[in-house]
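In: sequence plus the predicted model coming up.
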Amino acid sequence: MVRNMKFWNNFKDFFKSKASKVSAVILSGLSPVIWPDRNYENFAKEGYIKNVIMFKCIDEVAKAVSSVPWRVFKNDEKGDRIEIDRHFLLDLIRKPNPHESFNFLTIKSVAYQMISGNVYWEKVGPSTGPNTKMIKELYVHRPDRMRILTDTAMGLIIGYEYEANGRTVKWDIDPITGEGDILHIKNFHPTDDWYGLAITDPAAREIDTFNEATTWNKKLLENDARPGMIFSVVGNLSDQQFEKLEKTLKEKFSGYGNAGRSLILEGENGTKAQPFSWSPAEMDFIEGNRELARRIAYAFGVPPMLVGIPGDNTYSNYKEARLAFWETTVLFYLDSLKSELNSWLFGDADASEIYIDYMLDNVPALEPRREEAWRKANEATFLTINEKRKLVGMEKHSAGDVILVQASLVPLEAVTDPSTDGDESDEDLEEDEKVIIRLRRLGYNENEIADILGRNG
C-alpha cells in the first residue's frame, strides 16, 4: 500500500511538471464532453454544396495537396536524407485502408479542415502482441460527428467520441503524452480552446450574400429577366376579376417559356402596365457578385484568377497566380500534414531516424522556382559540386566534394595548394610552371594540361 501511494505521488509530481497551470482553469465547472459551437452541416450545405466559389476554392486546394507524392526517409550520421524503399509506412501510403487511397484521404482531410476548421485521422493496428505499434490502416472521419472528452480535474484531453446512427465509439488518449489512435488537426481559433476556426466563419456573410444574389438572379430569369410590372386598373376590380388577372399573369406570362410574349390587358375603364425602373446602382449587381466572389476566394487563400473571376489584377498572369497559390496555400497544408502526421505516427521517437515527407519535384506550378534554384547553383563559384547538387535536390556524388574554378573548371586546390611532395622547389618557377607541376601530380596528361592553360589551337 505504501509502495502504491509512493508511486501515485510520483505520478502526480510528474504530471504537475508536464501540465500547464491554466489547463484546469479552462475546464473548471464544464462538462467532460466538449461540443463545438457551430453547425457544420449548415456550413457544408450552404457553402461547399451550394456556393460555386467556395466549392471551387476548396476543390483547388484539396486536389493540389493530394497530387503530391509522399515518401519515407531517414537521416544518416552526417544529417543527409536517405530515401527508404522498404517500410510498412510505404505500404500504408499505397493503400491506407481497403476502401480509400491516400490521395482521397488527403482530399478529405484538407476539405474537412477548410470547411469546419477540424479534421480527425485514425490509425488502426494490432491491439495485442509484439506489433502493437505497427499501423495497418488509416482513416479520416467527419468532424461534426467527433467530440472531445476531457478530465475536468486535470484539464487535459483524455479521449474522443464518435457518434453516428445512434451508436458511439470512443478512443482513449494518454493525458500526459497525448498519444492515441486519433489525430486532431485544427486551425487556430482565438476564442475556442478545443476546436479550430472554420474558414467558412469569417467568409460566412460573403457566402450568404452571394447565395442570395444567385437566387435573386434565378428568380429574375424565371420572370422574363425583366423587373416586375406595375398594373394600374382604372376603377375597382372585383375579387373574382383580381384573381383571374393574377392567375393569367402567372400561367401565361411568367417563366422562361413565356419570355418575350406580348401582354394584353383589358378593363371596362382602361388598364395600364409599366415596368419597375432600375437605378444604375441596382443594375451593377454583376460586378457586385464578382466582388463577393473575390472576397470568398481571398478567404480560402486562392487567387481569384484561378477560379475564373475576371477583373483581378493582383497577378500579371496565370503562371504567377498559380505559383503564389502553391507557395502561400498549398505548401501550408502540406507542411501542416507532414508535421502533424510525423509527430503522431512516431511519437517521442527521434525524428531523424525515420519520417515521411512530400516530394515537389514534378509540380509544374513550381517550375519557376526550380529554374531559379538551378541558375543560382550553376552561377555560384564558392560552393562544392555536392553543395550545388543539394541545392537542386540531387543526391551527393562520390567525387563531388570539390570547388571548381570558374575559368578553367579544375579543382581549386590544383591552382591554390602551395604544398609540394618532391625535391623540386616551386619558389623560382613561373606561375604556369607551378600549375603544370600540380596538374601532373593530379594525373592530367600533357594535352589536358595544354587545354586547361589554353595553349592548344
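Out: Yes, it's here.
In: where do the strands sit along the protein?
Out: With strands called from DSSP state E, the chain shows them at 33-34, 70-75, 81-84, 118-124, 137-141, 146-151, 156-164, 167-172, 182-186, 229-233, 271-275, 355-358.
In: can you list those strands in JSON lines and add mean pLDDT, distance to L323 and mean neighbour count?
Out: (Glycine included, C-beta is placed from N, CA and C.) Formatted as JSON lines, the strands of the chain follow (pLDDT from 0 to 100; distance: least, CB to CB, whole Å; neighbours: other CB atoms under 10 Å):
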{"stretch": "strand 33-34", "mean pLDDT": "57", "distance to L323": "40", "mean neighbour count": "14"}
{"stretch": "strand 70-75", "mean pLDDT": "89", "distance to L323": "22", "mean neighbour count": "17"}
{"stretch": "strand 81-84", "mean pLDDT": "84", "distance to L323": "25", "mean neighbour count": "12"}
{"stretch": "strand 118-124", "mean pLDDT": "94", "distance to L323": "26", "mean neighbour count": "21"}
{"stretch": "strand 137-141", "mean pLDDT": "94", "distance to L323": "29", "mean neighbour count": "19"}
{"stretch": "strand 146-151", "mean pLDDT": "88", "distance to L323": "36", "mean neighbour count": "20"}
{"stretch": "strand 156-164", "mean pLDDT": "90", "distance to L323": "38", "mean neighbour count": "17"}
{"stretch": "strand 167-172", "mean pLDDT": "92", "distance to L323": "41", "mean neighbour count": "12"}
{"stretch": "strand 182-186", "mean pLDDT": "94", "distance to L323": "26", "mean neighbour count": "21"}
{"stretch": "strand 229-233", "mean pLDDT": "63", "distance to L323": "52", "mean neighbour count": "14"}
{"stretch": "strand 271-275", "mean pLDDT": "64", "distance to L323": "49", "mean neighbour count": "12"}
{"stretch": "strand 355-358", "mean pLDDT": "91", "distance to L323": "17", "mean neighbour count": "18"}
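In: of all those strands, which one comes closest to E367?
Out: For E367, the closest of the strands of the chain is strand 355-358, at 16.9 Å, according to CB to CB.
In: export that closest one to PDB, keeping only CA atoms.
Out: Extracted C-alpha coordinates of strand 355-358, given in PDB (Å, rounded to 0.1, in the frame of the first residue of the first chain):
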ATOM      1  CA  TYR A 355      10.000  10.200 -41.100                       C
ATOM      2  CA  ILE A 356       7.600  10.800 -44.000                       C
ATOM      3  CA  ASP A 357       7.900  13.800 -46.400                       C
ATOM      4  CA  TYR A 358       6.300  15.000 -49.600                       C
END
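In: re earlier: out of the strands of the chain, which comes closest to L249?
Out: So among the strands of the chain, strand 229-233 is nearest, using CB to CB, at 8.1 Å.
In: just to revisit the earlier point, can I get the strands of the chain in TSV including distance to G308?
Out: Below are these laid out as TSV (distance: least, CB to CB, whole Å):
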stretch	distance to G308
strand 33-34	40
strand 70-75	30
strand 81-84	39
strand 118-124	27
strand 137-141	29
strand 146-151	35
strand 156-164	36
strand 167-172	42
strand 182-186	30
strand 229-233	35
strand 271-275	32
strand 355-358	28
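In: among those strands, which comes closest to N42?
Out: strand 118-124 (15.3 Å).
In: got a list of contacts for that closest one?
Out: 36, 97, 105, 108-110, 112-113, 135-141, 143, 146, 160, 171, 181-187, 195-196, 198, 341, 344-345 (CB atoms under 8 Å, 6 or more residues apart in numbering).
In: cool, stretch 178-193 as well?
Out: 26, 37, 109, 113, 117-124, 146, 148, 157, 159-160, 171-174, 195-199, 336-337, 340-341, 344, 347.
In: span of it from start to end?
Out: 16 Å (CA to CA, to the nearest Å).
In: same thing with stretch 94-106?
Out: 13 Å.
In: how about it: buried residues?
Out: P96, N97, E100, F102, N103, L105, T106 (16 or more other CB atoms under 10 Å).
In: got any ranges where the stretch 101-250 of the chain has weak pLDDT?
Out: 127-133, 217-237 (pLDDT under 70).
In: for N362, phi and psi?
Out: phi -110, psi 30 (degrees, to the nearest 10).
In: contacts only, for it.
Out: Per CB under 8 Å, 6+ apart, neighbours of N362: none.
In: and it, how close does it get to T200?
Out: To T200, N362 is 32 Å away according to CB to CB, to the nearest Å.
In: over to M54?
Out: 7 Å.
In: quick one: common contacting residues for the two?
Out: In contact with both M54 and T200: G47, I207, using CB under 8 Å, 6+ apart.
In: of the two, which one has the most company?
Out: Neighbour count, other CB atoms under 10 Å: between M54 and T200, M54 has more, with 30 against 26.
In: who's in contact with that one?
Out: Here M54 is in contact with G47, Y48, T200, A203, I207, I296, F300 (criterion: CB under 8 Å, 6+ apart).
In: could these go into TSV alongside distance to R81?
Out: As requested, the contacts of M54 are arranged in TSV below (distance: CB to CB, whole Å):
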residue	distance to R81
G47	40
Y48	37
T200	38
A203	39
I207	42
I296	39
F300	33
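In: among those residues, which ones are in helices?
Out: Under the assignment DSSP state H, those contribute I207, I296 to helices.
In: closest one of the contacts of M54 to F73?
Out: Closest to F73, out of all of those and judged by CB to CB, is F300, at 31.0 Å.
In: wait, doesn't the closest one sit right on C57?
Out: Yes - contact criterion CB atoms under 8 Å: F300 and C57 qualify, at 3.8 Å.
In: give me the more crowded residue out of the two.
Out: With neighbours defined as other CB under 10 Å, F300 and C57 compare such that C57 has more, 29 against 19.
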